[in-house]
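K.L.:
Everything below, folded, please.
(2 chains)
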Amino acid sequence: DTAVSQTPKYLVTQMGNDKSIKCEQNLGHDTMYWYKQDSKKFLKIMFSYNNKELIINETVPNRFSPKSPDKAHLNLHINSLELGDSAVYFCASSQATTATQYFGPGTRLTVL
Amino acid sequence: AQKVTQAQTEISVVEKEDVTLDCVYETRDTTYYLFWYKQPPSGELVFLIRRNSFDEQNEISGRYSWNFQKSTSSFNFTITASQVVDSAVYFCALSVFTGTASKLTFGTGTRLQVTL
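P.N.:
Numbers count the residues shown, from 1 in each chain, chains lettered A, B, ... in the order given. Predicted coordinates for the structure are as follows:
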């Protein structure tokens, strides 16, 4: 059983387009996250939601908008894609009472 | 602010050698968590271990062991008798728990290459 899943795994698109990445977890966790891993493998948090409420919002362009319809899902919508948005995006989840985050397989976004 | 430093960018060893990956962290919080994650060539991030700041006991899991020393702000990871399957990028991370979410601050990773 997949614990944290993301779709799609690969996303290739043109500059200026709008795209979404979906994330679902079946671990029963109440907190979900989005991280960005750049071409140098550096991982940085973007957002965190706890029970559908935005908890962490790092310095991310407002073209990025997370949406959490319920505590098992956290989607990432990106408007007006730019070349610099090319990266691997990881979703993660944890239980608020613990700190261990479990990661999805990642979505490799390529903007042409 | 939290900071994690992994000074070793790349390490190459021959199979069966022991290897230690270094991690040094900075935080002003007294309660925090330290982690190691493995990222194999397939790209996923695999959780290996979590340690909280009050537990300095070293841990061993099979060929893996971790040495946590608050006095030097270090959380080093040793692989004994390395194998080719250990080839991956290893990330050390630190989080400070806010009560509803924890923000992981990652080091830059150490790429371990194990060859035959």
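K.L.:
Does the most centrally placed residue in chain A have any beta-bridge partners, and if so which?
P.N.:
Nearest to the mean C-alpha position of chain A, by Cα atoms, centre = their mean, lies A:W34 at 3.3 Å. Judged by DSSP bridges, the bridge partners of A:W34 are A:F47, A:C91.
K.L.:
ok, it to A:S20 distance?
P.N.:
12 Å (Cβ to Cβ, to the nearest Å). All C-beta spots, glycine's among them, are computed from the backbone N, C-alpha and C.
K.L.:
Give me the below-cutoff pLDDT ranges for chain B.
P.N.:
Across chain B, the ranges flagged by pLDDT under 70 are B:99.
K.L.:
how about the strands in it?
P.N.:
Secondary structure of chain B (DSSP state E): strands at B:3-5, B:10-14, B:19-21, B:24-26, B:33-39, B:46-52, B:59-61, B:64-69, B:74-79, B:88-97, B:102-106, B:110-115.
K.L.:
Write out the residues of chain B neighbouring chain A.
P.N.:
B:33, B:35, B:37, B:39, B:43-47, B:50, B:52, B:89, B:91, B:95, B:97-106, B:108-109 (Cβ under 8 Å from any Cβ of the partner chain).
K.L.:
mind redoing it with 6 Å?
P.N.:
Contact residues (Cβ under 6 Å from any Cβ of the partner chain) of chain B with chain A: B:33, B:43-45, B:50, B:95, B:97, B:100-103, B:106, B:109.
K.L.:
where does the residue sitting furthest away from the middle of chain A land in three-state SS?
P.N.:
Note on chain A: the largest C-alpha distance from the chain mean falls to A:T97, namely 21.1 Å (Cα atoms, centre = their mean). Three-state call for A:T97 (DSSP: H, G, I helix; E, B strand; the rest coil): coil.
K.L.:
my read: A:K22 touches A:N75, true?
P.N.:
Yes: between A:K22 and A:N75 there is a contact at 5.0 Å, judged by Cβ atoms under 6 Å.
K.L.:
Buried members of the residues of chain B next to chain A into PyMOL, please.
P.N.:
Typed into PyMOL, the line below selects the buried ones among the residues of chain B next to chain A, using 16 or more other Cβ atoms under 10 Å in any protein chain shown:
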select buried, chain B and resi 33+45+50+95+97+100+101+102+103+106+109
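K.L.:
could you show me where the strands are in chain A, in order?
P.N.:
A:4-7, A:10-13, A:19-25, A:31-37, A:43-50, A:53-57, A:64-70, A:73-78, A:87-94, A:102-103, A:107-111.
K.L.:
what helices or strands is the last one leaning on?
P.N.:
Looking back up the chat, that one is strand A:107-111. Applying 3 or more Cβ pairs under 6 Å, 6 or more residues apart in numbering or on different chains; DSSP states H and E, one finds that strand A:107-111 makes contact with strand A:10-13.
K.L.:
Over to the third one?
P.N.:
Taking 3+ Cβ pairs under 6 Å, 6+ apart as contact, the helices and strands that strand A:19-25 lies on are strand A:4-7, strand A:73-78, strand A:87-94.
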